[in-house]
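Engineer: got a predicted structure plus its sequence, pasted below:
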Amino acid sequence: QLAPGGRFETPEAVMAWSDAGFGGVTDCFGRYVNETLIPPYWRNRPRPIVYNSWEGCMFDFTEAKLLRLGKAAKQLGCELFVLDDGWFGKRDSDTSSLGDYSVNPKKLPNGLKGLGEKLNAIGLQFGLWFEPESVSSDSDLYRKHPDWALHDSLGREDLLGRHQLLLDLTKPDVRDYIVESVGKVLDSAPISYVKWDMNRHSCALGAKQHEFVLGLYDVLRRIFEPRPEILLESCSSGGNRFDCGMLFFSPQIWCSDNTDPVERLRIQQSLSYLYPPSCFGTHVSASPHAQTLRATPLSTRGNISMFGCLGYELDLTELLPVELTEIRAQIEFYKAHRRTLQYGRFTRDKTDSGGTIWQAQTEEETVAGVFHGIQSAAPGYERLRVAGLDAQTQYQLDSRPQLLRVGEFGSLLRHVLPVKLNPNGLAVQTADSYYKMYDGQQTVTASGAAYSAGIMLAPRFSGTGYNADGRMQGDFGSNVYFVREVQP
């Protein structure tokens, strides 16, 4: 209830209408986000390729280890190094120190400034992780200000989530503390990116939660409006706060803490109905995946992550030479087509066999991805339909070259080699590390009308041996293609 003279600000609602189906709504809403909603400095500005330390290090790192990873990331083509959780207080696990944003000198003896300057010297921008809305009960901040914690609206006993509480952002003193402490860190080092996390549910209800969110907006406005060149990526255990309110301050949002590409295919497809890929934080992580134990091809992990703001989040020092070559090729391709993949008109479709098609299109080119799930025996032929091309114009399609790992074929190698080799022996292990075996590449020239009807893709593996012109893919295989007008 409002007292006389009281004021209540309701959330805004945004609606999109189109007579062109879901694709039309996607285009309409995507243009609104990119052209109107996100901070002016970042509108139509290319997003950097990120290396994030979290899944490669978690809490266990030193400055020397971070610099080794930074050098490896730079050699692959990454542009921004993000130091994730664990750099402050006594933060060696998720049980302490949230709220105490003083650098841990054992991990970073030269501080954030020293680390940032060394990364800049390598040729990388420097980014940093925070979780400013939260506080650990084991922290200097909580011991000094227990009254700053957000308590249950119904007066029940506080329940910890991920060993932490939230700070009460409805209190001006709390907001002032966050603005001052985060701002001080940002101004102390060459920081060009912030990952702003929030890893537990709020216990506030109703009007209290509404006031909490308005308090968050006040904090974000006061920190980032004076520093517009800092790229803010928001996160809430992943994409739990992926909405227009956050995009007003944060040009991109971490889609999900689940980076398994099979899960990400569904997650990113669902988000794409309302939000453009330029807002998606999309990283390549290790296989088998830490959350699903699912093994997936490195090519597919890269192909899915390309349809967003590409990044890598795994220990680069543990990769095989052939994997490093594949990642370097992924990044080179992404840089060549970054404008299209981040800002092109995004549409969705299916192949004849049920494969997922993603398409990003500008006036200059089209990039299309084809993604599959579980492989069946002897899969049929399939067509790729490319929309939005002029029917009479000739276009050339080329597949992105991608590498296969020899070792993944196991005992099947016996059927194509002149000698029998132990699939677990030294010879195959050595070949698996270094041998560059390309998946079947495809080039097609056809009219826009033919692309609209669907062009036949190279056949997938059908159990009849190696086919240099086919797609030698098992479960969760994928390809990315780019299409350009043929010049007379």
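Structural biologist: Noted; the coordinates are in hand.
Engineer: right, and residue 265 touches residue 356 too?
Structural biologist: Yes. Counting by Cβ atoms under 8 Å, residue 356 is a contact partner of residue 265 at 6.4 Å. Every C-beta, even on glycine, is put in place using the N, C-alpha and C of the backbone.
Engineer: more neighbours, those two?
Structural biologist: In this view residue 265 and residue 356 are compared by other Cβ atoms under 10 Å, and residue 265 has more residues nearby, 22 against 18.
Engineer: pLDDT score for that one?
Structural biologist: We note a pLDDT of 98 for residue 265 in this prediction.
Engineer: repeat for residue 136
Structural biologist: According to the prediction, residue 136 has pLDDT 97.
Engineer: kindly report the same for the one 3 residues further on.
Structural biologist: What the model reports for residue 139 is a pLDDT of 97.
Engineer: before we move on, what about the one 5 residues further on?
Structural biologist: Per-residue confidence (pLDDT) for residue 144: 97.
Engineer: check the one 5 residues further on too.
Structural biologist: Here the pLDDT value assigned to residue 149 is 96.
Engineer: for it, list each beta-bridge partner.
Structural biologist: residue 167 (DSSP bridges).
Engineer: quick check on the closest residue to residue 472 other than its chain neighbours: phi, psi?
Structural biologist: Spatially, and ignoring its direct neighbours in sequence, residue 472 is nearest to residue 461 (5.2 Å; Cβ to Cβ, 6 or more residues apart in numbering). Note on residue 461: its backbone torsions stand at phi -60, psi 130 [degrees, to the nearest 10].
Engineer: picking up where we left off before, find residues that contact each of residue 265 and residue 356.
Structural biologist: Counting by Cβ atoms under 8 Å, 6 or more residues apart in numbering, the shared contacts of residue 265 and residue 356 are residue 371.
Engineer: now do the residue nearest to residue 472 against residue 376, distance only.
Structural biologist: Residue 461 sits at a distance of 11 Å from residue 376 (criterion: Cβ to Cβ, to the nearest Å).
Engineer: between those two, point out the one with more neighbours.
Structural biologist: residue 461 (20 against 13).
Engineer: surely that one is in contact with residue 440?
Structural biologist: No. Between residue 461 and residue 440 there is no contact under Cβ under 8 Å: 9.6 Å.
Engineer: okay, and the common contacts of the two?
Structural biologist: If you check residue 461 and residue 440 against Cβ under 8 Å, 6+ apart, the residues they both contact are 467, 470-472.
Engineer: which of the helices or strands spans the residue lying closest to residue 93 once chain neighbours are set aside?
Structural biologist: In space, and not counting its chain neighbours, residue 93 is closest to residue 59: 6.0 Å by Cβ to Cβ, 6+ apart. According to DSSP states H and E, residue 59 maps onto no helix or strand at all.
Engineer: hmm, back to that, which one (most neighbours) among the shared contacts of residue 461 and residue 440?
Structural biologist: residue 471 leads these on contacts (other Cβ under 10 Å) with 24 neighbours.
Engineer: pLDDT below threshold where in the stretch 251-400 of the chain?
Structural biologist: Within the stretch 251-400 of the chain, no range satisfies pLDDT under 70.
Engineer: three-state assignment of residue 269?
Structural biologist: On the three-state scheme (DSSP: H, G, I helix; E, B strand; the rest coil), residue 269 is labelled helix.
Engineer: contacts only, for it.
Structural biologist: Counted by Cβ under 8 Å, 6+ apart, residue 269 has contacts 348, 356, 358.
Engineer: now with 10 Å, please.
Structural biologist: Neighbour list for residue 269: 304, 307, 348, 356, 358, 371 [criterion: Cβ atoms under 10 Å, 6 or more residues apart in numbering].
Engineer: please indicate which of those residues are buried?
Structural biologist: Burial by neighbour count, 16 or more other Cβ atoms under 10 Å: within these this picks out 304, 307, 356, 358, 371.
Engineer: the residue nearest to the third one when sequence neighbours are not counted and residue 135, how far apart?
Structural biologist: Spelled out, that is residue 356. Of all residues not flanking residue 356 in the chain, residue 371 sits nearest, at 4.5 Å (Cβ to Cβ, 6+ apart). Residue 371 is 41 Å from residue 135, where distance means Cβ to Cβ.
Engineer: return the set of buried residues in stretch 188-208.
Structural biologist: 189, 191-200, 202-204.
Engineer: for the chain, what spans make up the helices?
Structural biologist: Along the chain, the segments classed as helices by DSSP state H run 21-32, 54-57, 63-76, 111-122, 140-144, 172-188, 206-224, 244-247, 261-272, 298-306, 321-336, 338-343, 426-434, 448-453.
Engineer: how far is the longest strand belonging to the chain from where the chain is centred?
Structural biologist: Identified as the longest strand of the chain according to DSSP state E is strand 478-485. Relative to the chain's own centre, strand 478-485 is displaced by 21 Å; criterion: Cα atoms, centre = their mean, to the nearest Å.
Engineer: one more: stretch 331-345?
Structural biologist: 14 Å.
Engineer: for stretch 96-103, same thing?
Structural biologist: 26 Å.
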